[in-house]
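In: structural data only, the sequence is not supplied:
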């Protein structure tokens, strides 16, 4: 893994969580018949995934990419990379919309669900790898710690009231070492809430069960 001068742990943890849920959605969608559509249509996991992805990408679009564009304005190759990042973000939203439309279509949604999930997995998975392989090094080289802090604050603000579920969702499946590393960066009141309330409540949830008949 690339050595960064700035701490990119939260980026990788966030990407891990998105990949984890993409794999879960793909696994569910492989089942035959209408069951995958019924499960995903009201599953809390799908709603959490969309909330987290929107917060992450919109904070990048509004904070990170503009700061980078200003910093590398005289570097055409880097500008081209940022153009690619923004284009890849823009391609995800139609995929989410197509997914939700299929999930809401009780008659024919199941017929196109597998194809949509495949395209979403390919597109978002490819973007996450592209960002890790190239864009994170650019962020590390040209974005100031102040901008990174502003990005983190904006990301948290966009998660908003979903924080009690978002943080344990993001950390779900991480190693004890990585978990301790992330929690160590958080204010003590947040760590206390995570340990005493948020994580135990999250552990009781069945994220990928339908909440109602769809």
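Out: Happy to help now that I have it. Note that the structure is a prediction, hence the values are computed from the model and not measured.
In: CA only for contacts and neighbour counts going forward, please
Out: Fine.
In: hey, where'd the helices end up in this structure?
Out: Chain-ordered helices for the chain, with DSSP state H as the definition, fall at 9-29, 35-42, 44-59, 65-71, 76-104, 109-130, 136-142, 145-159, 163-171, 176-183, 188-193, 199-203.
In: what's the fourth one packed up against?
Out: Using 3 or more CA pairs under 8 Å, 6 or more residues apart in numbering; DSSP states H and E as the contact criterion, the elements in contact with helix 65-71 are helix 76-104, helix 136-142.
In: the same query, at a cut-off of 7 Å, please.
Out: Contact analysis of helix 65-71 by 3 or more CA pairs under 7 Å, 6 or more residues apart in numbering; DSSP states H and E lists helix 136-142 as its packing neighbours.
In: which strands and helices lie in contact with the helix it packs on?
Out: For helix 136-142, the contact count by 3+ CA pairs under 7 Å, 6+ apart identifies helix 65-71 as packing neighbours.
In: quick check, distance from the helix it packs on to the centre of its chain.
Out: Centroid separation between helix 65-71 and its chain, computed with CA atoms, centre = their mean, to the nearest Å, is 21 Å.
In: buried set for it?
Out: Neighbour counts using 16 or more other CA atoms under 10 Å place 65, 67-69, 71 of helix 65-71 among the buried residues.
In: ok, residues contacting it?
Out: With CA atoms under 7 Å, 6 or more residues apart in numbering as the test, helix 65-71 has contacts from 79, 82, 139, 142-143.
In: looking at the residues you listed, spot the one nearest residue 203.
Out: Using CA to CA, residue 139 is the member of these that lies nearest residue 203, at 34.1 Å.
In: number of residues surrounding that closest one?
Out: Applying other CA atoms under 10 Å, we find 21 residues neighbouring residue 139.
In: which residue is the nearest non-sequential neighbour of it?
Out: The shortest distance from residue 139 to any residue that is not its chain neighbour, by CA to CA, 6 or more residues apart in numbering, is 7.0 Å, and that residue is residue 68.
In: what's the closest non-adjacent residue to the residue nearest to the spatial centre of the chain?
Out: Ranked by distance to the mean C-alpha position of the chain (CA atoms, centre = their mean), the top residue is residue 53 at 3.7 Å. Taking CA to CA, 6+ apart, and ignoring the residues beside it in sequence, residue 53 has residue 18 as its nearest neighbour in space, at 7.4 Å.
In: same deal with residue 41?
Out: Using CA to CA, 6+ apart, the closest residue to residue 41 is residue 103 (5.0 Å).
In: do the same with residue 64
Out: Sequence neighbours aside, residue 151 is the residue nearest to residue 64 in space, at 6.6 Å (criterion: CA to CA, 6+ apart).
In: thought that neighbour was touching residue 62?
Out: No: using CA atoms under 7 Å, residue 151 is not in contact with residue 62, being 8.6 Å away.
In: who's more crowded, the two?
Out: Neighbours were tallied for residue 151 and for residue 62 using other CA under 10 Å; the higher tally belongs to residue 151 (19 against 12).
In: list the contacts of that one.
Out: Counting by CA under 7 Å, 6+ apart, the residues that residue 151 touches are 59, 63-64.
In: residue 121: which of those is nearest?
Out: When the contacts of residue 151 are compared for distance to residue 121 (CA to CA), residue 59 comes out closest, at 21.2 Å.
In: for residue 119, see how far away the closest one is.
Out: Applying CA to CA, to the nearest Å, the value for residue 59 to residue 119 is 24 Å.
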